[in-house]
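Novice: Next comes the sequence, and after it the predicted model I'd like to discuss.
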Amino acid sequence: MTTAVKAARPKAGPATRPAVAGAALDGPPTWADEVHAMLVEAGVRQVALVPDAGHARLIRLCEADKRMRVVRLTTEEEGVGLLAGAWLGGEKGVLLMQSSGVGNCINMLSLPIACQMPLLMLITMRGDHGEFNAAQIPMGNSTQAVLEAIGVIVKRADVPSEVPEMVSSGLRLAFNTFRPIAVLIGQRVSGAKDFRKLTKPTDEDHE
Amino acid sequence: MNKPLRRREVVRELLKKRGDMLVVAGLGAPAWDITSAGDHDNNFPLWGAMGAAAMIGLGLALAQPRRRVLVITGDGEMLMGIGALATIAVQKPKNLSIVVLDNEHYGETGMQRTHTGYGVDLAGMARAAGFARSMNVTAAKDVAKIRAAIDAGRGPVFAQVKVDPEKLPLVLPPREAAYIKNRMRISILGPDALHQ
C-alpha cells in the first residue's frame, strides 16, 4: 500500500492550515491512509466513533485532521442520530465501530432508512477469522445477517487491498443513493488479536 | 408548590418569534407539542428512533454552528439516550439546547412511570457531564429564562421542565420522514440541497 494522502485544501478555514498526511504517523501507510484520503475527498466532516483496535490508525489520522470533527460516542447508535443531524445540516459523516456495536444500532437504523438519508458505517470485525474470545462470536457471526435483515447494504473486505475499493463503493452508494451502507473489514485485514499479547499490553491493545 | 406547567404552553413560549431556530422533537408528545405551536420547515419531529433526539441535535448544531438548535424531548426519550449528555458535553456546541418536558411518565404506552418519577435528576446529570448551563424548571416565570439561554449562544444548555402529565389531543406533523428531512434541508441549504 503506497497511496499518499491527498493534500486537499480545507474548504473552510485558513489556507495556511497544514494538510495532514499519513506521514505524520509512525509506520508505513496502510489501507487506513487510503481510506482517510477518500473520506477527505468525499467531503466527510463528522467522524463518529466508538474505538476499535482495527480502526486505530484511521482514528489517529482523522483526529490529526483539522478538516474533520471527531465525535467520540458512548454507544454506537448515538452515531446514527448524530450523522442524521449532520446530513440535515448539510454535512457528510462516517461512523466507525467494531462489529459488536452493530447490535446496538439496529433499531436506530430505522432513522436513515425512513428518512432516506446517507449513512456510511465502517465496521471492523471481531468474532471472525481466528477469534479467541467466545463472547465475540455471536455478534460477529451475525453482523452481516442482522444488517441485511433491517435493510442495510453490506460490502465486505477480507484483505487489506480490498478495503479502499469497498469504502469507495460504500461512499458512492451511501451518498448517491441515500441509504445506510456498511463496509465490513474482516479480521484477516487487521489480524486476529493475539491472546498471548494481552498478558503484555502494548499501546495498540488499548486503542 | 407551583401550579404544574402545561407542556404546550411551555413549548409555545420557547418557540415564540423563533427566527431561524432549528427544532428537533423526540417521538410522541414532544412531536405533537411542537406541531401544535405551528408546523414549520425548520421542525424535525421524530416518528421513531427513540433515544436519538439529542444526538440529532448535536449533528445539526455542529453542521450549522451559526444557528440555534433546540431539541425538545420527553423524559423517557432522554433516558434512553442518556449517554448523549456525555457525548455532547465533550463537543461543547455553543448553539445547542436540550429541553426535556418531564411528565415523569411514558405517555404513549399507558402512562407508566419513568426514572424521573423516582427522583432521577436529568439536569443534575447534564450539569455533572459538563453542560455550560443546566436548569431545573418548575415555575412559569422561568420558561423565559430557558429561551434567553437558548438565544445567548453560550451552550450547551440543558433544561428539565416538570410538566403536568396531562393527556392532550394529538396534533400530528407530516407523516412522511423523507419529506420532513427534505423540507428542512431545503430551508437550511436552499434548493441545491436536493442536488447534492
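Specialist: Looks like it came in fine. Numbering: from 1, shown residues only, chains lettered A, B, ... in the order given.
Novice: Residue numbers of chain A in contact with chain B?
Specialist: For chain A, the residues in contact with chain B (Cβ under 8 Å from any Cβ of the partner chain) are A:45-46, A:69, A:71-75, A:77-91, A:93, A:107-108, A:110-111, A:114-117. C-beta coordinates here come from the backbone N, C-alpha and C atoms, glycine included.
Novice: for the strand or helix carrying residue A:33, packing partners?
Specialist: Residue A:33 belongs to helix A:31-42 when assigned by DSSP states H and E. Helix A:31-42 sits against helix A:56-63, helix A:162-177, with contacts defined as 3 or more Cβ pairs under 8 Å, 6 or more residues apart in numbering or on different chains; DSSP states H and E.
Novice: tell me how far the longest one is from the chain's mean position?
Specialist: In this case it means helix A:162-177. Put simply, helix A:162-177 sits 12 Å off its chain's centre (Cα atoms, centre = their mean, to the nearest Å).
Novice: Which strands and helices lie in contact with that helix?
Specialist: helix A:31-42, strand A:119-124, strand A:153-157, strand A:180-185.
Novice: Can you list the strands that the third one pairs with?
Specialist: The partner list of strand A:153-157 in its sheet, established with DSSP bridges, is strand A:180-185 (parallel).
Novice: one step back: restricted to helices, list the residues of chain A next to chain B.
Specialist: A:77-88, A:110-111, A:114-115 (DSSP state H).
Novice: Mind listing what's buried along stretch B:136-143?
Specialist: B:136, B:137, B:143 (16 or more other Cβ atoms under 10 Å in any protein chain shown).
Novice: can you pull the pLDDT of the first one?
Specialist: In other words, residue B:136. Looking at residue B:136, its pLDDT is 98.
Novice: Contact partners for it?
Specialist: Neighbouring residues of residue B:136 by Cβ atoms under 8 Å, 6 or more residues apart in numbering or on different chains: B:121, B:123, B:124, B:159, B:160, B:162.
Novice: want to throw the helices and strands packed on helix A:31-42 into CSV with distance to residue B:104 and mean neighbour count?
Specialist: Formatted as CSV, the helices and strands packed on helix A:31-42 follow (distance: least, Cβ to Cβ, whole Å; neighbours: other Cβ atoms under 10 Å in any protein chain shown):
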stretch, distance to residue B:104, mean neighbour count
helix A:56-63, 40, 21
helix A:162-177, 40, 19
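Novice: quick revisit: strands - which of the buried residues of stretch B:136-143 land there?
Specialist: B:136, B:137 (DSSP state E).
Novice: got CSV for the buried residues of stretch B:136-143, with distance to residue B:7 too?
Specialist: Supplementary listing: the buried residues of stretch B:136-143 in CSV, determined by distance: Cβ to Cβ, whole Å:
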residue, distance to residue B:7
B:136, 16
B:137, 12
B:143, 11
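Novice: which bits of chain B sit near chain A?
Specialist: So far as Cβ under 8 Å from any Cβ goes, chain B lies against chain A at B:22, B:24, B:44, B:46-64, B:81, B:83-84, B:86-87, B:90-91, B:177-178, B:180-181, B:184-185, B:188-189, B:193, B:196.
Novice: Buried among the residues you listed? Need that as a selection in ChimeraX.
Specialist: Here is the ChimeraX command that selects the buried residues among these (16+ other Cβ under 10 Å):
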select /B:22,24,44,46,47,49,50,51,52,53,54,55,56,57,58,59,60,61,62,63,64,81,83,84,86,87,91,177,180,181,184,185,188,189,193
